[in-house]
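> After the sequence you'll find the predicted model.
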Amino acid sequence: MGYIVSKYLLILIIFISQVFYAHADTIPHFYTGMQAHYGFIIPHSRSIKDISHTHPYGFEFNLNKLHTSFTKWQVFNAYWISGIEARYFNYQNPEILGGVFDMCVFAEPVVRHGKNLLFTVRGGAGFSYHTKVYDETDNPLNFFFSSRISFPLFVDARFKYRLGQSTFLTLSGCYNHISNGGVKLPNKGMNFPTLAVGFEIHPKPFPVLHHEYYSDAKGRKPDPYVIFQALSSVKVLNAVGELPEKTMFIYGFHSRFCRPLSAFYSLNAGVEIIFDGYIKETLVREQRDIDYKRLALTFGQDFMLGKVLFTQYLGAYIYSPYKARNALYQKYELAYRISPVLMAGVFLKSHLQVAELMGIHINYSLKLWN
């Protein structure tokens, strides 16, 4: 598990450092914020339905930096905020679910801004520590989490109203997901929306956000392009009898054709092959002589936000001798452009609401916009 945590930490350091610190802002603006959360758990599986009727509450503290330079504006083609936040959630089920502490980094594009009102969308990821996890003997009902360390993802829609020169009132609708990415089973993962209210405290007056920046990408539609991708992940095979716990390596390749419909949106279609060491070792243990590889066709969409690319697509297995949980799966990718032809980022693969894989990927684009 230590190797997995170190790998995920390296992913975050590389990805966030590229996005946050590639260029200095002309006038740095730092500030702090806090929010109180209250929400509910989505019972997305029968096995967790009986323990999904509580209402999590929590607290969030964050340190923020507003980016106003043109070089940073080009990342999302918008003003944006980056930072780090610490959160605690109590699931109001102390015997089975306990609570969770997490630390996340985030990016927050400013979608609309006026004299007294801001609308932003914040997305983040990080690490979480859980006070209660699955145990076959002591805690057999907690199918949400099987490892102390997991990986939270969240997206918030935030309304911010100026109360004075240095204070904003915040109201947020948040969608939170926590799982270990299928690294260790059981791993149903938890999805819990929350409503949050809080304050932001600025040590100096909030800067006036002008509209003078312009992206050349807005004036033209990119040509079609092809992306070749290499991806990797790891997964822990649980100990069974005398067979020890074992960490298995998974890798694959994905190629997709992308057809832009605008400067910021594309449709894509492709093919993906996965060499799954977890399945391979499972077949060895079960003494079954079948192929461990899987091949799928994919169809999806790309959202191009400056140097950031968000991709989601649906995959359909056309070759899977070892039967998958479902014939269809979803895939979500976040990538950052580090050169005209190279992108690097993270992905999450799931079957319905159950995460199967989380890992890293590198993209090479045959024709990428300038």
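Yep, it's here.
> show me what contacts the most centrally placed residue in the chain?
Centrality entry for the chain: nearest residue to the mean C-alpha point is residue 153, 4.7 Å, by C-alpha atoms, centre = their mean. Shown in contact with residue 153 (C-beta atoms under 8 Å, 6 or more residues apart in numbering): 123, 124, 125, 176, 177, 178, 348. (C-beta placed from N, C-alpha, C; glycine too.)
> Among those residues, name the buried ones.
Burial by neighbour count, judged by 16 or more other C-beta atoms under 10 Å, picks out 123, 124, 125, 176, 177, 178, 348 from these.
> hang on, the earlier thing: name the strands paired with whichever strand or helix holds the residue nearest to the centre of the chain and say parallel or antiparallel.
Counting by DSSP states H and E, the element that carries residue 153 is strand 149-162. Sheet pairing here is set by DSSP bridges, and for strand 149-162 it gives strand 117-130 (antiparallel), strand 167-179 (antiparallel).
> Redo those strands as JSON lines? Include mean pLDDT.
Listed next are the strands paired with strand 149-162 as JSON lines, based on pLDDT from 0 to 100:
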{"stretch": "strand 117-130", "mean pLDDT": "91"}
{"stretch": "strand 167-179", "mean pLDDT": "93"}
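> what does stretch 132-148 rub up against?
Residues outside stretch 132-148 that contact it (C-beta under 8 Å, 6+ apart) are 1, 45, 47-48, 50-51, 94-99, 129-130, 178-180, 183-190.
> If any of those are buried, give me the PyMOL selection for them.
Entered in PyMOL, the line below selects the buried ones among the contacts of stretch 132-148, by 16+ other C-beta under 10 Å:
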select buried, resi 45+48+51+96+97+98+99+130+178+179+180+183+184+185+186+187+188+189+190
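> and the contacts of stretch 132-148, which of them are in strands?
Members of the contacts of stretch 132-148 lying in strands (criterion: DSSP state E): 99, 129, 130, 178, 179, 190.
> Do you know the pLDDT at residue 277?
Note on residue 277: pLDDT of 91.
> Could you double-check that it lies in contact with residue 250?
Yes. Under the criterion of C-beta atoms under 8 Å, residue 277 makes contact with residue 250 at 5.5 Å.
> Send over stretch 348-358 as CSV, restricted to the C-alpha atoms.
Extracted in CSV, the C-alpha atoms of stretch 348-358 (Å, rounded to 0.1, in the frame of the first residue of the first chain):
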residue,chain,number,x,y,z
LEU,A,348,-10.6,6.7,-13.1
LYS,A,349,-12.3,3.7,-14.6
SER,A,350,-15.6,2.4,-13.1
HIS,A,351,-18.4,0.0,-13.7
LEU,A,352,-21.5,2.1,-12.8
GLN,A,353,-20.8,3.5,-9.3
VAL,A,354,-18.0,1.1,-8.4
ALA,A,355,-14.4,2.2,-9.2
GLU,A,356,-12.2,-0.5,-10.8
LEU,A,357,-9.0,1.3,-11.6
MET,A,358,-7.3,4.6,-10.9
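> what does it rub up against?
8, 42, 44-45, 151, 153, 179-183, 187-189, 191, 233, 235, 250, 315, 324-326, 328-332, 346-347.
> List buried members of the residues you listed by neighbour count.
By neighbour count, with 16+ other C-beta under 10 Å, these hold 8, 44-45, 151, 153, 179-183, 187-189, 191, 233, 235, 250, 315, 329-332, 346-347 as buried.
> backbone phi and psi for residue 244, please?
In terms of degrees, to the nearest 10, the main-chain angles of residue 244 are phi -80, psi 160.
> please begin residue numbering at 55 from this point
With 55 as the first residue, the last one maps to residue 298.
> for it, what are its contacts?
Per C-beta under 8 Å, 6+ apart, neighbours of residue 298: none.
> so where's this protein uncertain?
Low-confidence segments of the chain (pLDDT under 70): 55-81, 236, 265-275, 406-407, 422-424.
> ranges for the helices of it?
56-75, 124-130, 331-340 (DSSP state H).
> any idea how far residue 276 is from residue 353?
Separation of residue 353 from residue 276 (C-beta to C-beta, to the nearest Å): 19 Å.
> Now residue 128: closest residue in space that isn't a chain neighbour?
In this structure, residue 128 finds its nearest non-sequential neighbour in residue 360, 5.2 Å apart by C-beta to C-beta, 6 or more residues apart in numbering.
> just checking, the one you found touches residue 133?
No. Residue 360 lies out of contact with residue 133 (C-beta under 8 Å); the separation is 11.5 Å.
> Show me which of those two is the more surrounded one.
Per other C-beta atoms under 10 Å, whichever of residue 360 and residue 133 has more neighbours is residue 133, with 23 against 19.
> Please name the residues that touch the more buried one.
Residue 133 touches 120, 121, 122, 127, 163, 164, 167, 263, counting by C-beta under 8 Å, 6+ apart.
> same thing but 6 Å
164, 263 (C-beta atoms under 6 Å, 6 or more residues apart in numbering).
> Just list whatever residues bridge to residue 384.
Taking DSSP bridges as the rule, residue 384 bridges to residue 368, residue 404.
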